[in-house]
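Novice: next comes the sequence, and after it the predicted model I'd like to discuss.
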Amino acid sequence: IYYCYDLDTGFEGTGPDCTSTTTTTSITSTTSTSLTGTSTSLSSTSTTTSTTTPDPGSCYPPTLGSDKDTSECSGKYPPDGTCTVSCTTGYVGDPVTYYCYDLEDNFVGSGPDCTSTTTTTTSSTTSSSTTTATTTTS
């Protein structure tokens, strides 16, 4: 808070305690291919994690699993802060509302229940042929 007591001294006081908003993103990607005889296997995994320091006075977004999207929960302030948490791409489930009543508890809520939409398909093909020739001489 700054005060101005007279024109000679000008403003006196201390400023707000500001916190930097920093975003950290780490991406891990793994791809492996295996060829053995007549079978082929391909596997790929990608994980992205993003952490953001909230604005001063705002609620911390809920920390949930990677199958849940909490991006709508940033920049919300108590006592009326609400946000919708939904399932991330590759998962399905009904979205739910989280509430931020104060900075002590931050967001409260539960769910959503997210189910993976990823399917695994295994295919196998086997072929064989036999040829028999018979020759008769008279």
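Specialist: Thanks, I have it.
Novice: so Asp113 makes contact with Val92?
Specialist: No: Asp113 is not in contact with Val92 according to Cβ atoms under 8 Å; the separation is 9.6 Å. From N, CA and C alone the C-beta is placed, and that goes for glycine too.
Novice: give me the neighbour count for Val85.
Specialist: Val85 has 24 neighbours, counted by other Cβ atoms under 10 Å.
Novice: might you list the low-confidence residue ranges for this protein?
Specialist: Counting by pLDDT under 70, the ranges of the chain that qualify are 1-7, 9-52, 124-138.
Novice: in it, which spans are strands?
Specialist: Assigned by DSSP state E, the chain shows strands spanning 2-4, 11-13, 23-36, 39-52, 68-69, 81-87, 91-92, 96-100, 107-108, 115-116.
Novice: can you list contacts of the fifth one?
Specialist: Same thing as strand 68-69. Under the contact criterion Cβ atoms under 8 Å, 6 or more residues apart in numbering, strand 68-69 has outside partners 85-88, 112, 114.
Novice: Throw the residues you listed into TSV and include distance to Pro54, thanks.
Specialist: As requested, the contacts of strand 68-69 are exported to TSV (distance: Cβ to Cβ, whole Å):
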residue	distance to Pro54
Val85	16
Ser86	20
Cys87	23
Thr88	20
Pro112	22
Cys114	24
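Novice: between these, which has the most around it?
Specialist: Neighbours here mean other Cβ under 10 Å. Within the contacts of strand 68-69, the largest count is held by Val85, at 24 neighbours.
Novice: residue contacts, it?
Specialist: Val85 makes contact with 62, 64, 68-70, 72-73, 95-98, 109, 111-112 under the criterion Cβ under 8 Å, 6+ apart.
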